[in-house]
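any chance you can model this:
(chains A and B)
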Amino acid sequence: MSELKQSRPKGTQDFVPPDSERRLQVGATFRRLAETYGYRAIITPTFEHTAVFVKSSGETSDIVTKEMYSFKDRAGRDLTLRPEGTPGVVRAVLENQVRMPCRLYYVGPCFRYSRPQKGRYREFGQLGIEALGEAGPLTDAEVIFLGGAFFGSLGISDCRTQVNTIGCRECRPAHRDALRTYLLERREQLCEDCRLRIERNPLRVFDCKVETCRQAARDAPTPRHYVCPACKAHFEQVLANLDRRGLPYDVNDRLVRGLDYYNRTTFEYISASLGAQDSLGGGGRYDYLVEEFGGPATPAIGFALGLDRALLTAPKASVPARRELAFVVWLTEAEIGPAEKLADRLRADGIATQIDYDARKVKGQFKSADAAQAACCIVIGPDELVKGVYSLKNLATGEQREVPADAITAEVRKLFTEQDSRGLVPGTLES
RNA sequence: GUGAGUGUAGCUCAAUUGGUUAGAGUACCUGACUGUGGCUCAGGAUGUUGUGGGUUCGAUUCCCAUCACUCACCCCA
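Just a heads-up that it's a prediction; the model follows:
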């Protein structure tokens, strides 16, 4: 293996065909689905002022304390590659005074500085939606359902949906106090991290995987048992609606999520086939965030799904044997001109067309066509020029026949659809 | 940030207790086929064994360091 001077930075990925196409397709599936539910695209910068993330994700969150790609630009501004999508969206909505309520979706890269492993990269793709200005539980259920529908449309069958409620401003303090008291009584059993969490964010103890902490947390007061009547009713309606829609879910008392800004409904999609990083995505309600950004009090809910993890979990569609690509083959240099002209004509007609200008022999051109997975070759030789025809060869079946020059576009189209219907081009990812 | 494992041809992997010329499949190139790919047959090319040190008469094999990748902790997408 010869030494490459440059290799990709740790935790980043290259996508070469056909993986690149598959990845784009997943994004396209998401876009289409989101649009089906009335969401519209929002595009925000890949980096923001660092304060945007510190303020929204929480100063004590792991993302902010140790996972951000932060840097100073040449004018000394403090900037950060976005570790998640929501803060930038909220900032942009306020900055542009987008009329609310509004439903927005985004697809794009996010960055976190953590040690890479299966399903976890330093640059990763997120697919997200944010519904701003909708307060009701039916929105929560619809959002949760939409995420489930997305994984379903990718053919992911082992996705489980977990939901929980963590209460609101009114009921959270009561629970927090109860939890703190409970944890302080069992301080000895807790790991170092969890002892710190008691003061900073006791909810996180529920997330801890240390066995003694799990035991200690088993009977700890959960948020759900302390929620106020309003939150309780809200959650019950969310669940009732999920039932009505037929989306299976598990209520998970310990599901609290890593971002500080959530309230009431939280949810997460889990896959068994992902390994340690088993979360396909998650989200929740964040009714206070817009206000904290200096905007008007605005209820909101959203989710972020992992593009890479979706790709990892989704069954691999068989790679198409043939692409809708025509390949023009010339015999002698005298035909290069006509070949080029024909290719341009086909392209103008919307047919992807390629020529091998470099291959000296016909055989080499056919090999190129085969390697490119072209559906057909169109041969131009001295004979064809005299007769005013092209020889059209179907590379899947091997049949070749002469077609009149002015019928070539129609014939190629016909050949494409014939290959499709004969199943020579297996279905793509979405079907 | 912590731990473990793995680095041999473009790819997937071999190489007996350290033994001299590092192999196979596949992919690639050429020819059989001078206007035709995919099949078949016959040939061909390819490696500083990740890198740098060390032990040894001799290292792909053992030791140390380093880099990269992978998995896990952590965290989450």
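
which of the three states applies to A:Tyr390?
strand (DSSP: H, G, I helix; E, B strand; the rest coil).

wait, A:Ala321
Applying three-state DSSP: A:Ala321 is coil.

my read: it touches A:Gln373, true?
Yes - with contact defined as C-beta atoms under 8 Å, A:Ala321 reaches A:Gln373; the gap is 6.9 Å. (Each C-beta comes from the backbone N, C-alpha and C, glycine too.)

tell me which residue lies nearest the centroid of chain A.
Residue closest to the average C-alpha location in chain A (C-alpha atoms, centre = their mean): A:Leu307, at 2.8 Å.

how confident was the prediction at the closest residue to that one other than its chain neighbours?
Spatial nearest neighbour of A:Leu307, excluding adjacent residues (C-beta to C-beta, 6 or more residues apart in numbering): A:Gly125 at 3.0 Å. Note on A:Gly125: pLDDT of 96.

quick check, A:Gly125 in a helix?
No - applying three-state DSSP, one finds A:Gly125 to be strand, outside a helix.

return the residues in contact with it.
Contacts for A:Gly125 (C-beta atoms under 8 Å, 6 or more residues apart in numbering) come out as A:23, A:27, A:107-110, A:306-308.

what bridges to it?
Beta-bridge pairing for A:Gly125 (DSSP bridges): A:Pro109.

same check on A:Arg160?
A:Ile270.

and it, how far from A:Leu242?
Distance, A:Arg160 to A:Leu242, using C-beta to C-beta, to the nearest Å: 13 Å.

what about the spatially closest residue to A:Asp207 that is not a sequence neighbour, which SS state?
Leaving aside its sequence neighbours, A:Asp207 sits nearest to A:Val256 (C-beta to C-beta, 6+ apart; 6.2 Å). Using three-state DSSP, the structure places A:Val256 in coil.

which residue ranges make up the domains of chain A?
Under the assignment automatic domain parsing, the domains of chain A span A:19-171+A:227-313, A:326-421.

ok so, going back, please tell me I have it right and the residue nearest to the centre of chain A contacts A:Gln25.
No - contact criterion C-beta under 8 Å: A:Leu307 and A:Gln25 do not qualify, at 11.0 Å.

coming back round to it: out of the contacts of A:Gly125, who's nearest RNA strand B?
Ranked by distance to RNA strand B (C-beta to the nearest atom of the strand), those are led by A:Gly306 at 1.9 Å.

please name the nearest non-neighbouring residue to the closest one.
Nearest non-adjacent residue to A:Gly306 (C-beta to C-beta, 6+ apart): A:Gly281, at 5.5 Å.

for the one you found, what are phi and psi?
Backbone torsions of A:Gly281, given as degrees, to the nearest 10, read phi 160, psi 170.

report the secondary structure state of the residue sitting furthest away from the middle of chain A.
Most distant from the centre of chain A: A:Val386, at 54.0 Å, with distances by C-alpha atoms, centre = their mean. Three-state call for A:Val386 (three-state DSSP): helix.

what about it, distance to A:Tyr269?
Noted for A:Val386: a distance of 64 Å to A:Tyr269, by C-beta to C-beta.

next, the residue in the stretch 51-200 of chain A that RNA strand B sits nearest to: phi, psi?
Nearest residue of the stretch 51-200 of chain A to RNA strand B (C-beta to the nearest atom of the strand) works out as A:Lys118 at 2.8 Å. Backbone torsions for A:Lys118, taken as degrees, to the nearest 10, come to phi -60, psi 120.

tally of neighbours for it?
12 (other C-beta atoms under 10 Å).

A:Pro223 too?
26.

that one against A:Leu203, yeah?
Yes - at 7.1 Å, A:Pro223 counts as touching A:Leu203 under the criterion of C-beta under 8 Å.

low-confidence regions, the stretch 101-250 of chain A specifically.
A:209 (pLDDT under 70).

and the gap between A:Glu67 and A:Gly11?
Counting by C-beta to C-beta, the gap from A:Glu67 to A:Gly11 is 11 Å.

mutual contacts of those two, please.
With C-beta under 8 Å, 6+ apart as the test, A:Glu67 and A:Gly11 both reach A:Ser114.

which of the domains of chain A sits most buried?
domain A:19-171+A:227-313 (a mean of 18; mean count of other C-beta atoms under 10 Å).

gap between that domain and the chain center?
Its chain's average C-alpha position is 11 Å from that of domain A:19-171+A:227-313, according to C-alpha atoms, centre = their mean, to the nearest Å.

then stretch A:302-322?
With C-alpha atoms, centre = their mean, you get 9 Å for stretch A:302-322.

sorry, back to before: could you measure from the residue nearest to A:Asp207 over to A:Arg345?
Counting by C-beta to C-beta, the gap from A:Val256 to A:Arg345 is 62 Å.

pretty sure the residue nearest to A:Gly306 contacts A:Asp308?
No - counting by C-beta under 8 Å, A:Gly281 stays clear of A:Asp308, with 10.9 Å between them.

overlap in contacts, those two.
Here A:Gly281 and A:Asp308 share no contacting residue, scored by C-beta under 8 Å, 6+ apart.

strands of the stretch 251-400 of chain A, start to end?
A:263-271, A:279-285, A:300-306, A:326-330, A:353-355, A:376-380, A:389-394, A:400-404 (DSSP state E, counting those that start in this stretch).

mind putting these in a markdown table, mean pLDDT and distance to RNA strand B included?
Below are those laid out as a markdown table (pLDDT from 0 to 100; distance: least, C-beta to the nearest atom of the strand, whole Å):
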| stretch | mean pLDDT | distance to RNA strand B |
| --- | --- | --- |
| strand A:263-271 | 93 | 7 |
| strand A:279-285 | 94 | 4 |
| strand A:300-306 | 97 | 2 |
| strand A:326-330 | 96 | 7 |
| strand A:353-355 | 95 | 14 |
| strand A:376-380 | 96 | 4 |
| strand A:389-394 | 96 | 4 |
| strand A:400-404 | 96 | 5 |
